[in-house]
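Novice: Got a predicted model here, sequence first, then my questions.
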Amino acid sequence: MARKKREMSGVISFDSEVLAQDLDIDSLARDDARKLIPAPDATQPTANELSIVRYFEKKAKEEKKAVLATLSELRKRLSAIYHSRIVEDLKGLPDDLKRINADSRTMEAHAVEILRDQVADRETEVRTFISKNNLNRNPHPPMKPGELSVRLGAIALVEICLSSVILSFSGNLGLFHGVVQIIILSFCNLLGGWLLGRKALPWLNHCHVLNRVVGVCTLLVLVQVIMGINLFAGHCLSSSAPDCFMALRVAMASFEISPFAVLTLKGWILYAVGTLAAGGVTAVGYCSDDPYPGYGKVAAGLTHARQAVLNKQWEHVDVAIANYRHVERRRGHLTGKLIILEERYASLLGDMTRSKEALQEKLGHLDTVCGRMVGQYRVKNRGYSLNRVSSFPPFFFRRMSFGPEKYIPEETMDQEFSRQFILSRNFRRCREEDSPLIQKQLIEIHNEELRTLHAYFLLDEREVSSLI
């Protein structure tokens, strides 16, 4: 079809001359003039006028169809946004937190129940031990590892320092000569004293005589070993040999002849320092745990089992806090998404409004062109009817319109816009009102979870309340 059409600001623009040729207005007007159409008493537009109007009605229907298709697409996009379940997910966060807490509580309760069974087994073991060994007291608490290390380290350091000072007065060895021998001597005294305090002396407290006899024998052996090591060190220090290896051979010979025949005062001082160090370690070892053999071990098993229960309980507190923080982060994420969806929704509603305005403008333009083409037909008809005696009917001088208002889906578009606008307000209400309310609900659920932990795990009420 020889017609020029272009889009200018969304409005269809026609070339009047080309459109008149396309509609063949000149021929239509000439034919009707020859047939004396319209008649003087005619009240309805001519058939050719109606054909021109139908042409523009067809164009109006096409524009309406295009706008309705655009409206349908916009409705789908709006529906996809509204049914993205973000609002439902946001409102479901309190129930999600309750469910997560319940699941965590169930899992932790099962784990704690197993640990409590272990505590019951350890308690039975302790009661059995007390009954078999005729004990009527609670176990002494063990020494803390840090305190034990400090005491042993202090004894070893004092022994090494004193032995080094004593050794420095022996010939020309100096303060830092013989350090290796001193460290070896100190290690032997520490080991012997620890075995004496932890392994030998406690057996003297045993209720069975045979065990006490074994303890006495072990005690005598360890005491002799400690005394022998320190006496041998005294013999080495008393030797006047020029080097270490010669001094060891001389000391071995004199020790075999008479162990207590240490010849110098420095040797006896070194013996006394080593023996006192071993005695100090013996006292520390004896006091580091319960003096009854085995009682501290079974009591430690019970203590560790109880501590495992407490640790698992506080792990659940950490899990509850982590659950709350996870759900709260999700609430913030969904709230941020609501802002994006609200802006996108408003943009699509603007597109809907602009589509309606564009359709009104297009239909108005089509109606103007329609009236112009009909008017051109009438002018040409009157021009070809100069010899006509009868007059033209009154309607022939009135403007012709195809009724563009019929092609504007006012009710459909207005109702859809109103409905979508109401839906869009849900996003704002959910973001501004529901989200803060949900945040408060999450805090209340979290606090309630912490307050009820003592009912599940027998936590101290004061300690639980301090977490809220």
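Specialist: Nice, thanks for sending it over. Numbering: from 1, shown residues only.
Novice: Tell me which stretches of the stretch 1-150 of the chain form helices.
Specialist: Along the stretch 1-150 of the chain, counting by DSSP state H, counting those that start in this stretch, helices occupy 16-23, 25-34, 47-82, 86-91, 93-132, 145-168.
Novice: With respect to Thr368, which of those helices lies nearest?
Specialist: Taking C-beta to C-beta, helix 47-82 is the member of these nearest to Thr368, at 9.9 Å. Backbone N, C-alpha and C define where each C-beta goes, glycine included.
Novice: Roughly how far does Val180 sit from Arg212?
Specialist: Distance of Val180 to Arg212, given as C-beta to C-beta, to the nearest Å: 40 Å.
Novice: Of the two, give the one with the bigger neighbour count.
Specialist: Using other C-beta atoms under 10 Å as the criterion, Val180 and Arg212 rank with Arg212 on top: 14 against 9.
Novice: which ones are touching the more buried one?
Specialist: For Arg212, the contacting residues are Trp203, Leu204, Asn205, His206, by C-beta atoms under 8 Å, 6 or more residues apart in numbering.
Novice: ok, of those, which come out buried?
Specialist: Using 16 or more other C-beta atoms under 10 Å as the burial test, the contacts of Arg212 include Trp203, Leu204, His206 as buried.
Novice: on that earlier part again, could I get the helices of the stretch 1-150 of the chain as a markdown table with mean pLDDT?
Specialist: As requested, the helices of the stretch 1-150 of the chain are exported to a markdown table (pLDDT from 0 to 100):
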| stretch | mean pLDDT |
| --- | --- |
| helix 16-23 | 82 |
| helix 25-34 | 85 |
| helix 47-82 | 82 |
| helix 86-91 | 81 |
| helix 93-132 | 88 |
| helix 145-168 | 87 |
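Novice: can you list those helices in a markdown table and add distance to Ala300?
Specialist: Below are these laid out as a markdown table (distance: least, C-beta to C-beta, whole Å):
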| stretch | distance to Ala300 |
| --- | --- |
| helix 16-23 | 104 |
| helix 25-34 | 112 |
| helix 47-82 | 63 |
| helix 86-91 | 50 |
| helix 93-132 | 9 |
| helix 145-168 | 12 |
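Novice: out of the ones you listed, nearest to Gly350?
Specialist: Closest to Gly350 of the helices of the stretch 1-150 of the chain, according to C-beta to C-beta: helix 47-82, at 10.1 Å.
Novice: Check which residues of that closest one are buried.
Specialist: Using 16+ other C-beta under 10 Å as the test for burial, helix 47-82 gives 48-49, 52-53, 55-57, 59-60, 63-64, 67, 70-71, 74, 78, 81-82.
Novice: Inside helices: which ones of the buried ones among the contacts of Arg212?
Specialist: Using DSSP state H, no member of the buried ones among the contacts of Arg212 falls within helices.
Novice: Pop the domain breakdown of this protein in here.
Specialist: Listed domain ranges for the chain are 9-91+322-465, 143-288 (source: automatic domain parsing).
Novice: can you put those in JSON lines and add distance to Val309?
Specialist: Output for the domains of the chain, formatted as JSON lines (distance: least, C-beta to C-beta, whole Å):
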{"stretch": "domain 9-91+322-465", "distance to Val309": "8"}
{"stretch": "domain 143-288", "distance to Val309": "21"}
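Novice: among the ones you listed, which is nearest Glu315?
Specialist: Distance to Glu315, taken as C-beta to C-beta, is lowest for domain 9-91+322-465 among the domains of the chain, at 10.0 Å.
Novice: Not counting sequence-adjacent ones, nearest residue to the spatially most central residue of the chain?
Specialist: Central residue of the chain (C-alpha atoms, centre = their mean): His326, 4.8 Å from the mean position. Nearest residue to His326 in three dimensions, chain neighbours excluded: Ile100, at 7.8 Å (C-beta to C-beta, 6 or more residues apart in numbering).
Novice: how near is that neighbour to Met227?
Specialist: Distance, Ile100 to Met227, by C-beta to C-beta: 67 Å.
Novice: For Thr128, which of the domains of the chain is the nearest?
Specialist: Proximity to Thr128 (C-beta to C-beta) singles out domain 143-288 among the domains of the chain, at 14.2 Å.
Novice: Low-confidence bits of the stretch 351-468 of the chain, can you list those?
Specialist: Applying pLDDT under 70 to the stretch 351-468 of the chain flags the ranges 387-390, 410-417, 420, 422-423, 454-468.
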